[in-house]
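All I have is the shape, not the residue letters:
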């Protein structure tokens with residue numbers, strides 16, 4: 001669901017969601033969504049703002065209230 005909303009961001013390629021190499025941690029499932037952007041074509045502050053809106057919108061959907069999201073700006 002999160003990936004669907006992220007795909008609406010212009011000049012942003014969404015990869016995933018995919019299961020992580022470690023698929024469960026302490027009984028919780030772990031999935032990854034990668035965003036690929038050409039920083040020469042976009043304004044990063046606008047993209048950051050759009051991503052924050054998508055993440056904060058999940059709190060209004062009851063089925064996703066317990067989903068925890070962490071953002072890594074430079075994944076390995």
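Looks like it arrived, so ask away. Please read all numbers here as calculations on a predicted model, not as lab measurements. Residues are numbered from 1 along each chain as shown.

Going by C-alpha atoms from here, please, whenever you check contacts or count neighbours.
Noted.

Grab the longest helix from the protein for me.
helix 44-57 (DSSP state H).

buried set for that one?
In terms of neighbour count (16 or more other Cα atoms under 10 Å), helix 44-57 has its buried residues at 47, 50-51, 54-55.

which residues of the chain fall in helices?
Using DSSP H, helices in the chain cover 2-6, 44-57.

Nearest to residue 19, out of those helices?
Nearest of these to residue 19, taken as Cα to Cα: helix 2-6 at 13.4 Å.

Point out the other helices and strands that that closest one packs with.
Under the contact criterion of 3 or more Cα pairs under 8 Å, 6 or more residues apart in numbering; DSSP states H and E, helix 2-6 touches strand 12-25, helix 44-57.

neighbouring contacts of the last one?
Residues outside helix 44-57 that contact it (Cα atoms under 8 Å, 6 or more residues apart in numbering) are 2, 5-6, 9, 69.

What is the burial count for residue 74?
Other residues near residue 74 come to 5 when the count uses other Cα atoms under 10 Å.

got the phi/psi numbers for it?
Backbone torsions of residue 74, given as degrees, to the nearest 10, read phi -140, psi 70.
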